[in-house]
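Generate coordinates for the sequence data below:
(chains A and B)
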Amino acid sequence: MSLVNFTAREITCKIVYYGPGRSGKTTNLQYIFGRVPDTRRGRMVSLATQGDRTLFFDFLPIDLGSISGFQTKFQLYTVPGQSYYNATRKLVLQGADGIVFVADSQARRFDDNLESLQNLQENLLSQGVDVRTMPIAFQYNKQDLPGELVLQPPELDESLNFRGVPSFGADALHGSGVFETLKGISELVLRKLAAGGIAE
Amino acid sequence: MSVLQGAHRFEALVVGTSNRTAVTAGRAVANAPGSAYNPLLIYARPGMGKTHLLGAIAHQVFALNPAARIEFITLDEFVEGFHVALSTGQGEQFRSRFGNADLLLVDDIQFLSRQREMQAELLRVLDVMLAGQKQVVLTSDRAPAEIESLDDRLLTRFAGGLVLDIAQPDYETRVAILQRKAEERGATFPDGVLEAVASLDIESVRELVGALNRLLAFQAVSEVPIDAAQARILIGGLQSAAATTELVVEQAEVMEFAVAGHGEMIPVGDPRRVLADALPGVMLGQSDTLGGEPIDDPAAEHDDKEEGPPHDFGLPGEPHEYQDSHEFHDAGAAAGSPDPLGEGLAEKAALQADRDEFGDFLSDLAATLARQVDPWRARVGEAILRWEGEGFRTFRLERLLEDPEPADPESVMIQYEADAEQLLELRAEAESLAPEMAGAAQLTDPGNMAAAEAYMQRVREGAIPPAAPAEHWLLDDLIEGPGNRMAVRAAQAAIAEPGRKYNPIVIVGGSGVGKTHLLHGIGNALALASDGHVACLGAHEFTQELIEAIERDAVTAWRNRYRRCAALLLDDVHLIAGKERTQEELFLLFNLFLETNRQLGFASAVPLAELSGVEPRLLTRLEGGLVVELPPPDRELRQQLVERTLAGRGRETDAELITYIASRPAESARAVQGYVQRVLHSADSQQAKASVALAREVLEGAPRVVRKGIVPGRTVSVAVASSGGVKSREKTVWSWPTLSERVIEEWK
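Okay, here's the model as predicted:
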């Protein structure tokens, strides 16, 4: 996709929220949706699959207006977390400029996180994308749950974030960490853009 | 004098974009009082840190120079002090109190509004301090131009220094302020709490500190740390009193304590009743909005939220669209996620946080984008910060940032920086020539270099000192006689203690009695004894200079030329009669010189009592010094004058001739010298010796001795001018009448 168009002075970023089922990806988008002024957001769209009619991703377009002279638009997507929707995930991943991996901080969901992360890497590889060049940020959601139920961000970093990318503790339900994560991934995407990763 | 608060130091100031320029200027002023920006005026809405900055400057000046005399007052104190001084007849002491200060800090000058008398007094104080290169810093809650009926002269004085405003602190600064204040109080808050408060629409630092106080009070009675959402409601809900009440009621129910506004803990029975006491005027909400059902399984709340497909997103095959945020909240609630803050509260919190959170995101993103996509924007931003710190205007750079597609930003930036560098050089030059003019606004705008150059031209002109006393008129050359002895002795006394013994010294006398000689003699002697420049000129010249300065809009530079002088001596001061502006300027200079013990001297051909058209305030000041008269020369003085004049012309001393000339009546020394000149000239033209006979002939018209070979009645070459130097053919008498005709003529 066209990330930056210098001629038209437009920037369009596609950011995909990835992660295991019920980790809070949709909640992230919903929180953002609720905080963006009406004039700046499109309709949050949920699309269903043709076969079993199950919703297979969420889509939230945000028009950030003119920033530094560029008409800037963000397209936020979520993938269905359930393992049986892998084809959909691959589809949504196409052309992504950045990925937010929303991990569930609950200790009991640790394996799901690992599995989803491996799935992400496989899907990226299958599309010829080097995972090392893809801007990724981690969000450790549900940090507001009682301490005995969740793993702390340093522990999760150690297990999941072996590339040392930016990570954020979050409570997406109440909004803590949501915009921080979005800001973090945005910076990574824009940095990559400045480093020459510009698709015209 | 106001009490200087110990906490008001630069170290305690949180510097952000909104106050960086003001703080930088404040530091510059504190590090070099009187030379950087003088006067410095800072205006901002209440609660932005103006008084703190004043205190910081005072502390810094004191730290660098413990001997510095610092006056820190509010305008109210200034007014009160002045009225007390007037009522006790100590007006001069009041003025000199400020004249002697090294640093004057005046808070809240907006109260000068419509107080003409106090404006004039402050103007006087300002002039004295600025002339003495003493630092003045003022604050106001509005721009000077917005202070009602403010004297234009005060406005120009302010404009001559530096006028800055402090804007509302930005988000980052608000966070930093909250963190600093929390640290000072030893309080810690969970991540996001202070950020949440900073994201609210709090306009002043003082309100921000108040918000922190409320957080502290709240946390003091809470068993669990307050979180960001609660903080947002607690503080943001101030505008929405009900929201505050709901939250506090909820907390009170849990803790069985409520907190009054001042932090006092109150045991409660009915928390609503206690809160009604603690927060009078606040309407209490309904119990059914207090938080819903308890959450048994907090993890389920999150999991349910992600249930998505089967519960949330409509029917199979039908694309589901969220219409608006209400739908989203409804969907959340329907999915079984109770809002612990209550629906209404959550909505209010959301409404409050929406704009801020998204706005912050946009602002951060813009900064990132500027850094990553258009690197020049970051450089322009840095340049703005840098040059604002130097006190320069940065409109040109700001316009660059506002322009979505500037044609050639690099060249604009390079040109701006070149201009700014040049301004720095001009400022340094101005600093060396006239430090009090170095802080002028014209030297802070790289967007208007022409104005800067024009201003510097005036500064350079202003650096040229006024006319000095004529070197040939020395006091030692003045012949002292019984008539002028008092004047000469007074002049010597004034020279021995310039500015202290007789100040001013006013010499009064008719034309040609030696006033100018005496005045210039004093000037030369003062110049010898002083390192400074002595201004000595005629009043007419003084007025002409002022007129030229007014025409060129360079009065300040002109004035400063005189302000820097060690002494001011003005000849023919009677000529200022009827010239109002000259009198006003002279009056200001007069006061300045008197207050700084610098010698003033005047010569007048008209006795002061007979001087009309001169303002009484100036006249009384002239009379307040020593007025000495120079009478016409007496015989003894005339004899010495003749002797000296003859000797000066290399003539032999003829006692009889001297006695004769000295015996002639003369109203002035100049007339005596004229006699001698005429006699000598006549002698020279006749190639004869200067004698009594010749003198009598020249001065009285006595019969001259006809030289052999010359026919009487024919042409002779006798010059008639008193100076003896007239060679004009028209003025030469070619045909004298016969003696008999002349006698008859004289007899008639």
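
all contacts plus neighbour counts: C-alpha atoms, from now on.
OK.

can you map out the strands along chain B?
Here chain B has its strands, by DSSP state E, at B:40-43, B:70-74, B:103-107, B:135-140, B:162-165, B:257-259, B:265-267, B:320-322, B:505-509, B:534-538, B:567-571, B:599-604, B:626-630.

Contacts for the last one, please.
Defining contact as C-alpha atoms under 8 Å, 6 or more residues apart in numbering or on different chains, one finds that strand B:626-630 is touched by B:483-484, B:486-487, B:490, B:502-510, B:513-515.

Need the buried ones from those selected in PyMOL.
To isolate the buried subset of the contacts of strand B:626-630 in PyMOL, counting by 16 or more other C-alpha atoms under 10 Å in any protein chain shown, use the following:
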select buried, chain B and resi 483+484+487+490+502+503+504+505+506+507+508+509+510+513+514+515
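
The strands of chain B into a markdown table, with extra columns for mean pLDDT and distance to residue A:139?
Shown next, in a markdown table, are the strands of chain B (pLDDT from 0 to 100; distance: least, C-alpha to C-alpha, whole Å):
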| stretch | mean pLDDT | distance to residue A:139 |
| --- | --- | --- |
| strand B:40-43 | 90 | 45 |
| strand B:70-74 | 86 | 54 |
| strand B:103-107 | 90 | 51 |
| strand B:135-140 | 92 | 48 |
| strand B:162-165 | 86 | 42 |
| strand B:257-259 | 33 | 37 |
| strand B:265-267 | 35 | 39 |
| strand B:320-322 | 33 | 25 |
| strand B:505-509 | 91 | 86 |
| strand B:534-538 | 94 | 78 |
| strand B:567-571 | 94 | 77 |
| strand B:599-604 | 94 | 79 |
| strand B:626-630 | 86 | 88 |
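
need these in TSV with distance to residue B:666, can you?
As requested, those are exported to TSV (distance: least, C-alpha to C-alpha, whole Å):
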stretch	distance to residue B:666
strand B:40-43	60
strand B:70-74	59
strand B:103-107	57
strand B:135-140	55
strand B:162-165	60
strand B:257-259	100
strand B:265-267	101
strand B:320-322	114
strand B:505-509	14
strand B:534-538	25
strand B:567-571	23
strand B:599-604	20
strand B:626-630	14
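
Tell me where the model's unsure across the stretch 101-250 of chain B.
B:221-223, B:236-250 (pLDDT under 70).

Can you name the residues of it sitting close to chain A?
For the stretch 101-250 of chain B, the contact set with chain A under C-alpha under 8 Å from any C-alpha of the partner chain comprises B:192, B:228, B:229.

Name the nearest of those residues relative to residue B:422.
Nearest to residue B:422 out of these is residue B:192 (C-alpha to C-alpha; 46.0 Å).

burial measure for the closest one, as a count.
Residue B:192 has 16 neighbours, counted by other C-alpha atoms under 10 Å in any protein chain shown.

Can you show me the strands along chain A?
With DSSP E as the criterion, chain A has strands at A:4-5, A:10-18, A:44-48, A:55-67, A:70-78, A:98-104, A:136-141, A:167-169.

Export only the CA atoms of the fourth one, formatted as PDB.
Extracted in PDB, the C-alpha atoms of strand A:55-67 (Å, rounded to 0.1, in the frame of the first residue of the first chain):
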ATOM      1  CA  LEU A  55     -16.900 -11.500  12.200                       C
ATOM      2  CA  PHE A  56     -13.400 -11.700  11.000                       C
ATOM      3  CA  PHE A  57     -11.800  -8.300  11.600                       C
ATOM      4  CA  ASP A  58     -12.500  -4.800  12.900                       C
ATOM      5  CA  PHE A  59     -11.500  -1.700  10.900                       C
ATOM      6  CA  LEU A  60     -11.200   1.800  12.300                       C
ATOM      7  CA  PRO A  61     -10.100   4.600  10.000                       C
ATOM      8  CA  ILE A  62      -8.900   7.800  11.600                       C
ATOM      9  CA  ASP A  63      -8.200  11.000   9.800                       C
ATOM     10  CA  LEU A  64      -5.600  12.800  11.800                       C
ATOM     11  CA  GLY A  65      -5.800  15.900   9.600                       C
ATOM     12  CA  SER A  66      -2.900  17.800   8.400                       C
ATOM     13  CA  ILE A  67       0.200  17.100  10.400                       C
END
